[in-house]
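S.K.: next come a sequence and a model predicted from it.
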Amino acid sequence: MSSPPARVAAAASNVIGKVFQGGVADLRPVPRVLIDQGPNRSVYRMTAGARPPEGPPVLLVPPLAAPALCFDLRRGCSLAEHLVESGRRTYLVDYGNVAFSDRRLGVEHWIDEVLPKAIQRVSADAGGQEVHVVAWCLGGIFSLLTAADRPDLPIASIATVAAPFDFTAIPLIAPFRPLVDFTGGHLLTPFYRALGGAPSYLVSRAFRISGINKEITKPLAILKNLDDRDYLAQIEAVDHFMDNMIAYPGRTFGQLYHRFFRSNDLAEGTVDLNGRIISLTGVKAPTLVIAGADDSIAPRAAVERLVGLLENAPSVRFEVAPGGHLGVLTGRKARGTTWRHLDEFLTQQIDNVEGDTASAH
């Protein structure tokens, strides 16, 4: 515990940083090079680690609407930085901005085109090695649907963080169900069709509303922790993240609304995309499932439902870590919890492959 004079000095330094120096968070992205690009797909290889990267590649997969900087929030609290500094070959797929002209893109675009091509390109860039996929929220759902639909892809394992699979277990949206049922599911249809999807400013506001308690108490929390530079930097970084939300394409938003929210398809392990059925029984890669202890968007029950759906995965590991929806991925506590679970899981999968290779020889 710092002495009162030390805390006052730290607070004064932080105020100067926030007011006169543009903030206290180091928002510089981890250095990267572009290795592949296509519609709604830019694939980057992260560079400049403390030691040369080795081993199989790790591909970070964000959800729609959220910027890819969710994996690179700020220096000192960036999962991408952590993986690079750990010596892992680290890659990131970025969907870029979604425009009104993208309104006809559906879920199929991501699971047929964007993710398969990103995975194949990463594998090729890493010398043909299989890819370990680490995905957050909807990125986890899309990654698993891709793996289920495309068993030929070079996927070594999948780790999902805060990916909900039972939408009836999300208290935040439960009050809207009676109204949706009463309108025959057409409550939002005219709006997302007219707007071409869900605009970025609405996505940002919805994300903030999900943590309304923290938004209300944030000014007091800042004053209380004015001497804690790491705390203030995290708030700045999260605000920067919120300010960079991306829109949902209209058709994709409609599918999420009708298939995931209304019909709750995922809870049964299948998704019907216009008569095309994709079943999670097709996932045959080891899987890590992580839920946030305080996540209101993807609470534990909604996330844990996935464990019972991966019948053909060789192993399924479930963990609960501290934090809300974003915090469980890249909060300050995630550095010693979620990231540790990911490190252990990746190391175990790599060791298993090396052990099998040694036995074969």
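M.R.: Now that the structure is in, tell me what you want to look at. On a predicted model such as this, the values are computed, not experimentally measured, just so you know.
S.K.: list the residues that contact the closest residue to residue 83 other than its chain neighbours.
M.R.: Nearest non-adjacent residue to residue 83, counting by Cβ to Cβ, 6 or more residues apart in numbering: residue 90, 4.4 Å away. Bear in mind the C-beta positions are built from the backbone N, C-alpha and C, glycine included. Contact analysis of residue 90 by Cβ atoms under 8 Å, 6 or more residues apart in numbering lists 45-46, 53, 57-58, 60, 80, 83-84.
S.K.: give me the below-cutoff pLDDT ranges for the stretch 51-200 of the chain.
M.R.: 100, 172-200 (pLDDT under 70).
S.K.: count of residues packed around the closest residue in space to residue 149 that isn't next to it in sequence?
M.R.: Excluding its sequence neighbours, the residue lying closest to residue 149 (Cβ to Cβ, 6+ apart) is residue 278, at 5.0 Å. A count of nearby residues for residue 278, using other Cβ atoms under 10 Å, gives 21.
S.K.: now do residue 326 against residue 55, distance only.
M.R.: Applying Cβ to Cβ, to the nearest Å, the value for residue 326 to residue 55 is 28 Å.
S.K.: so which of the two has more stuff around it?
M.R.: Shown here are residue 326 and residue 55; by other Cβ under 10 Å, residue 326 has more neighbours (26 against 17).
S.K.: the more buried one against residue 238, yeah?
M.R.: Yes. Using Cβ atoms under 8 Å, residue 326 is in contact with residue 238, at 6.6 Å.
S.K.: what is in contact with the two at once?
M.R.: Taking Cβ under 8 Å, 6+ apart as the contact criterion, residue 326 and residue 238 have no common neighbours.
S.K.: ramachandran angles for the residue nearest to residue 149?
M.R.: phi -120, psi 130 (degrees, to the nearest 10).
S.K.: and it, what does it touch?
M.R.: 111, 145, 148-149, 270-271.
S.K.: identify the bridge partners of it.
M.R.: Counting by DSSP bridges, residue 278 is bridged to residue 271.
S.K.: confidence score at it?
M.R.: Reported pLDDT at residue 278 in the predicted model: 95.
S.K.: how about the one 3 residues further on?
M.R.: The predicted local confidence for residue 281 comes out at a pLDDT of 97.
S.K.: farthest-apart pair in the contacts of residue 278, please.
M.R.: Using Cβ to Cβ, the pair of those lying farthest apart is 111 and 270, separated by 13.6 Å.
S.K.: check contacts around the residue nearest in space to the middle of the chain.
M.R.: In the chain, the centroid-proximal residue (Cα atoms, centre = their mean) is residue 136; its distance is 2.0 Å. By Cβ under 8 Å, 6+ apart, the residues touching residue 136 are 61-63, 66, 70-71, 160-163, 329.
S.K.: mark which of those residues are buried, thanks.
M.R.: Among those, those buried by neighbour count (16 or more other Cβ atoms under 10 Å) are 61-63, 66, 70-71, 160-163, 329.
S.K.: in stretch 326-343, which residues are buried?
M.R.: In stretch 326-343, counting by 16+ other Cβ under 10 Å, buried: 326-331, 334, 337-339, 341-342.
S.K.: for stretch 150-169, same thing?
M.R.: Neighbour count says stretch 150-169 has 150, 153-167, 169 buried, by 16+ other Cβ under 10 Å.
S.K.: so which of those residues belong to strands?
M.R.: 155-161 (DSSP state E).
S.K.: between these, which is nearest residue 322?
M.R.: residue 161 (12.6 Å).
S.K.: and the closest one, bridged to which residues?
M.R.: residue 136, residue 290.
S.K.: thought it was touching residue 138?
M.R.: No. Contact between residue 161 and residue 138 fails when scored by Cβ under 8 Å: they sit 11.3 Å apart.
S.K.: where along the protein do the strands fall?
M.R.: With DSSP E as the criterion, the chain has strands spanning 32-38, 41-46, 54-61, 88-94, 131-136, 155-161, 197-198, 248-249, 270-273, 276-279, 287-292, 316-321.
S.K.: tell me how far the fourth one lies from the chain's centre.
M.R.: Translated: strand 88-94. 13 Å (Cα atoms, centre = their mean, to the nearest Å).
S.K.: do the same with the fifth one
M.R.: For strand 131-136, the gap between its own C-alpha mean and the chain's C-alpha mean amounts to 9 Å (Cα atoms, centre = their mean).
S.K.: for the second one, same thing?
M.R.: Distance, stretch centre to chain centre, for strand 41-46: 15 Å (Cα atoms, centre = their mean).
S.K.: residues in contact with it?
M.R.: By Cβ under 8 Å, 6+ apart, strand 41-46 touches 30-37, 80, 83-84, 89-96, 113-114, 117-118, 121-122, 125.
S.K.: now it and strand 88-94, what's the angle there?
M.R.: Angle, strand 41-46 to strand 88-94, by axes from the mean of the first three to the mean of the last three Cα atoms, to 10 degrees: 150 degrees.
S.K.: can you list the strands that strand 41-46 pairs with?
M.R.: The strands beside strand 41-46 in its sheet (DSSP bridges) come out as strand 32-38 (antiparallel), strand 88-94 (antiparallel).
S.K.: only alpha carbons, please: show it as PDB.
M.R.: What follows is strand 41-46 as a C-alpha-only set of coordinates in PDB (Å, rounded to 0.1, in the frame of the first residue of the first chain):
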ATOM      1  CA  ARG A  41     -10.700 -10.300 -44.600                       C
ATOM      2  CA  SER A  42      -7.300  -8.900 -43.800                       C
ATOM      3  CA  VAL A  43      -5.000 -11.400 -42.200                       C
ATOM      4  CA  TYR A  44      -2.000 -10.200 -40.300                       C
ATOM      5  CA  ARG A  45       1.100 -11.900 -38.900                       C
ATOM      6  CA  MET A  46       2.200 -10.300 -35.600                       C
END
